[in-house]
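Trainee: For reference, the sequence and a predicted model appear below.
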Amino acid sequence: MSEPSVSLATRYLGLKLPSPIVVGSCGLTDSAEGVRACAEAGAGAVVLKSMFEEQIEAEVGQMMAASEDPNWHPEAAEYISAYGTENAVGEYLKLIEKAKAAVSVPVIPSVNCVTPRGWGKFARQVEAAGADALELNIFVPTSDPDSTSADNEATYLRVLAEVNKQVSIPVALKMGYFFSSIAQMMRKLDAGGADGLVLFNRFYAPDIDIDRFQVVAGPALSVPEEMALTLRAVAQLSGKLKCDLAATTGIHDGAAVVKQLLVGATVVQVASSLYRNRIPHITTMLDEVRAWMVAKNYTKLDDFRGKMNKDAWPDGSAYDRVQFMKRTVNADQY
Ligand SMILES: Cc1cc2nc3c(=O)[nH]c(=O)nc-3n(C[C@H](O)[C@H](O)[C@H](O)COP(=O)(O)O)c2cc1C
């Protein structure tokens, strides 16, 4: 008997994707070759390596420092500042064009920003270069005791509003988990015009080398246990927002993809599992999702997407604090 045909096609940010596995912004997507390898392995879309706000600032700073004239005419400084930006942006726009020429799946550039500076202009240029959508990775540092949470949250909404005013392509916002009311923040960003929320960014983690008294980088790659924060947030908010939800962090195999779809993710984004297992691991994960769907008699993702979100429990308790009360742990097991 022939197996039922299974479709992994989906929509994300209004775009058609052949599969729900999107390659997240990382070094694997910083060239047309990398982007092509991801698409050939079955990626539904590709988020390009981010352009960083600091990257632009650093380029401008170097040009300023290299000048022999100690008395900058303000207009000259303005010109150099604009030139530095054009340089960094120009290289990035070339990457977008090359990536678009290399693949037929959506190409989503990314900008990593910390302030509401002129991202609207960059967004227009990205759109003109052929981008299918834009991902804003916003991280407002929370270490300033004079900034209130309301100040910090307003920055996210200002950047989003500025970019949205300038472009007609969809805009996704990649955010961290650490808000005092993550659910309300997600709702505000949804209402503020985000077409998608990417949950959650995995921040650089500092560590200390106690022999050399140096600050060193923590682990660059995630482990599967890190998926829980995203799983819970997607389960709690899916079906309650207009925007799409892209689940990311700690998704390393087909089972993890299925879990995120079950709680209501529109797509997943992966990076670490491709560094650990190489890009063809996308094909393996998709095969695992397909095999599970066949075993469960599902033919398309919408047959089961969101089936296990919070609303699936009449009292809504499955993803909440009460689970700790039920849990008993025998220390001898460890
Ligand atoms: C080497 C490396 C480089 C990354 N660079 C970026 C980046 O430029 N912009 C960004 O938004 N995320 C970046 N990320 C974060 C990933 O897109 C992703 O959000 C994070 O790694 C969690 O997903 P994962 O568990 O599948 O790795 C990077 C991740 C890695 C491992």
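Mentor: Structure's in. What do you need? Numbers count the residues shown, from 1 in each chain.
Trainee: Going by C-alpha atoms from here, please, whenever you check contacts or count neighbours.
Mentor: Noted.
Trainee: Tell me the spacing between A271 and the ligand.
Mentor: 4 Å (CA to the nearest ligand atom, to the nearest Å).
Trainee: er, D132 I mean
Mentor: Taking CA to the nearest ligand atom, one finds D132 at 17 Å from the ligand.
Trainee: wait, isn't that residue in contact with I169?
Mentor: Yes - with contacts counted by CA atoms under 8 Å, D132 reaches I169, the gap being 6.4 Å.
Trainee: more crowded one of these two?
Mentor: D132 (23 against 20; other CA atoms under 10 Å).
Trainee: Next one: that one relative to Q236, how far apart?
Mentor: D132 is 29 Å from Q236, where distance means CA to CA, to the nearest Å.
Trainee: next one: the strand or helix carrying I282 to chain centre, how far?
Mentor: If you go by DSSP states H and E, I282 is part of helix 281-295. Centroid displacement of helix 281-295 relative to its chain, using CA atoms, centre = their mean, to the nearest Å, is 22 Å.
Trainee: Show me what it is packed against.
Mentor: Where contact means 3 or more CA pairs under 8 Å, 6 or more residues apart in numbering; DSSP states H and E, helix 281-295 is packed against helix 254-262, helix 272-277.
Trainee: Any idea which of those helices gets closest to F122?
Mentor: Nearest to F122 among the helices and strands packed on helix 281-295 is helix 272-277; the distance by CA to CA comes to 27.9 Å.
Trainee: Counting neighbours, show which residues of the closest one come out buried.
Mentor: S272, S273, L274 (16 or more other CA atoms under 10 Å).
Trainee: Output the set of residues of this protein in proximity to the ligand.
Mentor: 24-27, 49-50, 137, 201-202, 220-222, 248-251, 270-273 (CA under 6 Å from any ligand atom).
Trainee: please redo it, this time with the cut-off set to 5 Å
Mentor: Within the chain, the positions near the ligand by CA under 5 Å from any ligand atom are 24-26, 49-50, 201-202, 221-222, 249-250, 270-272.
Trainee: re earlier: switch the helices and strands packed on helix 281-295 over to JSON lines; also include distance to A331 and mean pLDDT.
Mentor: Formatted as JSON lines, the helices and strands packed on helix 281-295 follow (distance: least, CA to CA, whole Å; pLDDT from 0 to 100):
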{"stretch": "helix 254-262", "distance to A331": "27", "mean pLDDT": "98"}
{"stretch": "helix 272-277", "distance to A331": "30", "mean pLDDT": "98"}
